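S.K.: below is the sequence, then the predicted model.
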Amino acid sequence: MASSAANSLKLTQPFFPNTSNSSIKLSPLHLSFLHSSSTNQTTPRLQTSRSNPIILNVLKTAVESANISFSKTPSLDSVVSTPKPTILVSEKLGEAGLDLLRSFGNVDCSYNLSPEELCSKISLCDALIVRSGTKVTRQVFEAAKGRLKVVGRAGVGIDNVDLQAATEFGCLVVNAPTANTIAAAEHGIALLAAMARNVAQADASMKAGKWQRNKYVGVSLVGKTLAVMGFGKVGSEVARRAKGLGMHVIAHDPYAPADRARAIGVDLVSFDQAISTADFISLHMPLTPATSKILNDETFAKVKKGARIINVARGGVIDEDALVRALDNGTVAQAALDVFTEEPPSKDSKLVQHENVIVTPHLGASTKEAQEGVAVEIAEAVVGALKGELAATAVNAPMVPAEVLSELAPYVVLAEKLGRLAVQLVAGGSGIQSVKVVYRSARDPDNLDTRLLRAMITKGIIEPISSSFVNLVNADFTAKQKGLRISEERVVVDSSPEYPVDSIQVQISNVQSKFASALSETGNISIEGKVKYGIPHLTRVGSFNADVSLEGNLILCRQVDQPGMIGRVGNILGESNVNVSFMSVGRTSRRTKAIMAIGVDEEPDKETLKKIGEVPAIEEFVFLEL
């Protein structure tokens, strides 16, 4: 950032004449960093309230080298000195983090602010640090009037920050994703052991004056199977500790590299296999649209009879009413919960009051060591952002020049949607490790900057089932953290150089596919798309051609190529009031096999999809959300 700022400032002789008495002529760019002195309206003065310190240093150096003197003006050091930024801390933060912040700026620790009080204070602040209790809404960004430069979330989840509004108002959002990993894992193991041995219930019984040894007979952990649902930082640490307790550990995570799991002695399996074979199920998945209420009546019906549930991740991944029903009918023997859909839960919550449930008030990260670590991590990220540095923990998209967005806008949409389609075609528990992106373009490869497109493909692949927020800044870092290797190839084709890209192809290797026809001759999942009339289209699936607009959702069917297929499937969708927006059929040769791609505005229900699968000529199909 420093280099770009310096390069954008052309400090040439006309702007700074080499005479001490010359009048100063400043370009519009310089003027944006200047304002008039209150004592002398004709005397330029460097603006210090909200200027970029890098540019101020450049200007200071230029002024000194040009030997310019200012009459009736303070010394140069006082002119260009930048006031310390104001950092509002709205929730309790560890002292080590506060000390770091105080060494850089003016720190205002104001806790328990109402939304109105926060909006009132925020226009005087350059940075805001929150935990999970403060809602940073669009109204907050509007009230900041452009002054707020960074929001820091002391922790992982950023559900309480309006990322879209932050990006629109040019505010960077950073979080602290690593410091509380061990604390959360330890709490998961503590709940696991306490649940197995009825520690909480026995403690309450004794404090009530009872001695009920026979009632609180527990179960042993050694030899039992633990399913870790989400094999990221916390999940893998839970697995390590459970192995030390003599448990057999399996895991489900579409991104977990198989070699990393094997190194710990963990088997990666499918979701259904994990929940149907485990004695204990420990949840460590993020809350996303794909994981919301993923444990529900349907999934509880598949779990092993008498399974026990531990959740130190996000409350929303469990349908709490369904869990109460599963506990009541004995499908689930016990549950140990640290997080809830609504926090704090209601005092009369059936789940909290259930005799077979032990609960804690979101204590996963609540150790002295973790709190200090989170405080330091978020303080470093916020200070770095205020200095103009872009951290790997940035979770919202950076500002992109308008001319670049104008040209790449439709291809950005295409890239993300191809990534989303590709990841939904992956089956099995082996994890995604290798992705290849092929760009076909008439432009010379050296003149095609694909960083933004690669970031959007990465975003499409990772975000649907991950808590990570991917952007141009952190895409490569996030992919590396997930064990995802993304390679690129540029192929020059004979098309118009007016357009940056002719087509984009995404290949995922060494994985199984939910839709076998998406596999290429080399055995990789392969899909390809183009932009037509400004709209992204899917143009190839595996070895089959297609031509369907990537709007709404998508149904792919492999069928015997025969008359009437379009009508039969169309009638099924029509009877269920599902509107077809686009449909195309691609085949390898006449009257053999064909791929039918159907764009639909609504998501068909399970019964409708079942009817499509029962059409005799349809050999396989898959529904994909865009």
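M.R.: Received it, and whenever you're ready, just let me know what you need.
S.K.: contacting residues for residue 439?
M.R.: Shown here is residue 439, whose contacts under the criterion Cβ atoms under 8 Å, 6 or more residues apart in numbering are 448, 450, 453, 488-491, 501, 503-504. Bear in mind the C-beta positions are built from the backbone N, C-alpha and C, glycine included.
S.K.: now render those as JSON lines, adding pLDDT, distance to residue 431 and neighbour count.
M.R.: Rendered in JSON lines, the data for these read as follows (pLDDT from 0 to 100; distance: Cβ to Cβ, whole Å; neighbours: other Cβ atoms under 10 Å):
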{"residue": "448", "pLDDT": "78", "distance to residue 431": "30", "neighbour count": "15"}
{"residue": "450", "pLDDT": "85", "distance to residue 431": "25", "neighbour count": "20"}
{"residue": "453", "pLDDT": "91", "distance to residue 431": "24", "neighbour count": "23"}
{"residue": "488", "pLDDT": "95", "distance to residue 431": "21", "neighbour count": "15"}
{"residue": "489", "pLDDT": "94", "distance to residue 431": "23", "neighbour count": "12"}
{"residue": "490", "pLDDT": "93", "distance to residue 431": "27", "neighbour count": "16"}
{"residue": "491", "pLDDT": "92", "distance to residue 431": "28", "neighbour count": "12"}
{"residue": "501", "pLDDT": "92", "distance to residue 431": "29", "neighbour count": "24"}
{"residue": "503", "pLDDT": "95", "distance to residue 431": "28", "neighbour count": "20"}
{"residue": "504", "pLDDT": "97", "distance to residue 431": "23", "neighbour count": "26"}
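S.K.: just these: which are in strands?
M.R.: The strands, defined by DSSP state E, take in 488-491, 503-504 from the contacts of residue 439.
S.K.: and residue 363, that one's in a helix?
M.R.: No - with DSSP: H, G, I helix; E, B strand; the rest coil as the criterion, residue 363 is located in coil rather than a helix.
S.K.: surely it touches residue 339?
M.R.: No - using Cβ atoms under 8 Å, residue 363 makes no contact with residue 339, being 9.7 Å away.
S.K.: in terms of neighbours, single out the busier of those two.
M.R.: Set side by side, residue 363 and residue 339 give different neighbour counts by other Cβ atoms under 10 Å, the larger being at residue 339 (23 against 15).
S.K.: excluding chain neighbours, what is closest to that one?
M.R.: Taking Cβ to Cβ, 6 or more residues apart in numbering as the measure, residue 339 lies nearest to residue 315, with 4.2 Å between them; neighbours along the chain are not counted.
S.K.: quick one, what contacts the one you found?
M.R.: Residues touching residue 315, when contacts are defined by Cβ under 8 Å, 6+ apart, comprise 287, 337, 339-343.
S.K.: how close does it sit to residue 537?
M.R.: According to Cβ to Cβ, to the nearest Å, residue 315 and residue 537 sit 40 Å apart.
S.K.: tell me which two of the contacts of residue 315 sit farthest apart.
M.R.: When the contacts of residue 315 are compared pair by pair using Cβ to Cβ, the two farthest from each other are 287 and 337, 14.3 Å apart.
S.K.: of these two, who's got more company?
M.R.: Counted by other Cβ under 10 Å, residue 287 and residue 337 do not tie: residue 337 has more neighbours, with 25 against 19.
S.K.: which ones are touching the more buried one?
M.R.: The contact partners of residue 337, by Cβ under 8 Å, 6+ apart, come to 191, 309-311, 315, 318, 351, 357-360.
S.K.: again, only this time at 6 Å
M.R.: Contacts for residue 337 were tallied using Cβ atoms under 6 Å, 6 or more residues apart in numbering; they are 311, 359.
S.K.: okay, the residue lying closest to residue 159 once chain neighbours are set aside: pLDDT?
M.R.: Nearest residue to residue 159, sequence neighbours excluded (Cβ to Cβ, 6+ apart): residue 287, at 7.2 Å. Confidence at residue 287, expressed as pLDDT, is 85.
S.K.: so residue 287, which of the three states?
M.R.: Secondary structure assignment for residue 287 (three-state DSSP): coil.
S.K.: thought residue 313 was touching it, still the case?
M.R.: No - Residue 287 sits out of contact with residue 313 when judged by Cβ atoms under 6 Å, with a separation of 7.6 Å.
S.K.: in the chain, what spans have low per-residue confidence?
M.R.: Under the criterion of pLDDT under 70, the regions of the chain flagged as low confidence span 1-82, 390, 397-405, 429-430, 473, 588-591.
S.K.: in it, where's the longest helix?
M.R.: Looking only at the chain and at elements set by DSSP state H, the helix with the highest residue count is helix 402-424.
S.K.: that helix - contacts with which helices or strands?
M.R.: Judged by 3 or more Cβ pairs under 6 Å, 6 or more residues apart in numbering; DSSP states H and E, the packing partners of helix 402-424 are helix 451-462, strand 503-509, strand 525-532, strand 535-541.
S.K.: could you export the second one as CSV, CA atoms only?
M.R.: Pointing back at strand 503-509 there. Listed next in CSV are the C-alpha coordinates belonging to strand 503-509 (Å, rounded to 0.1, in the frame of the first residue of the first chain):
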residue,chain,number,x,y,z
SER,A,503,-14.5,-19.1,-21.0
ILE,A,504,-13.6,-20.3,-17.5
GLN,A,505,-13.3,-24.0,-16.7
VAL,A,506,-13.1,-25.4,-13.1
GLN,A,507,-11.7,-28.9,-12.5
ILE,A,508,-11.6,-30.7,-9.1
SER,A,509,-9.4,-33.8,-9.1
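S.K.: okay, now the sheet partners of that strand, with direction.
M.R.: Strand pairing for strand 503-509, determined by DSSP bridges: strand 434-441 (antiparallel), strand 525-532 (antiparallel).
S.K.: how far does the helix or strand following it sit from its chain's centre?
M.R.: Heading C-terminal from strand 503-509, the first helix or strand you meet, by DSSP states H and E, is strand 512-513. If you compare the mean C-alpha spot of strand 512-513 with that of the full chain, they lie 24 Å apart, counting by Cα atoms, centre = their mean, to the nearest Å.
S.K.: name every strand pairing with strand 512-513 and say which way it goes.
M.R.: According to DSSP bridges, strand 512-513 has the following sheet partners: strand 426-427 (antiparallel).
S.K.: so what touches the strand it pairs with?
M.R.: With contact meaning Cβ under 6 Å, 6+ apart, strand 426-427 is reached by 511-514.
S.K.: do that again at 10 Å, thanks
M.R.: Contact with strand 426-427 is made by 254-255, 270, 432, 461, 508, 511-516, 518, 525, 622, as judged by Cβ atoms under 10 Å, 6 or more residues apart in numbering.
S.K.: from the residues you listed, which two are the most distant?
M.R.: 255 and 516 (22.2 Å).
S.K.: of the two, who's got more company?
M.R.: More neighbours surround residue 255 than the other of residue 255 and residue 516, with 22 against 15 (other Cβ under 10 Å).
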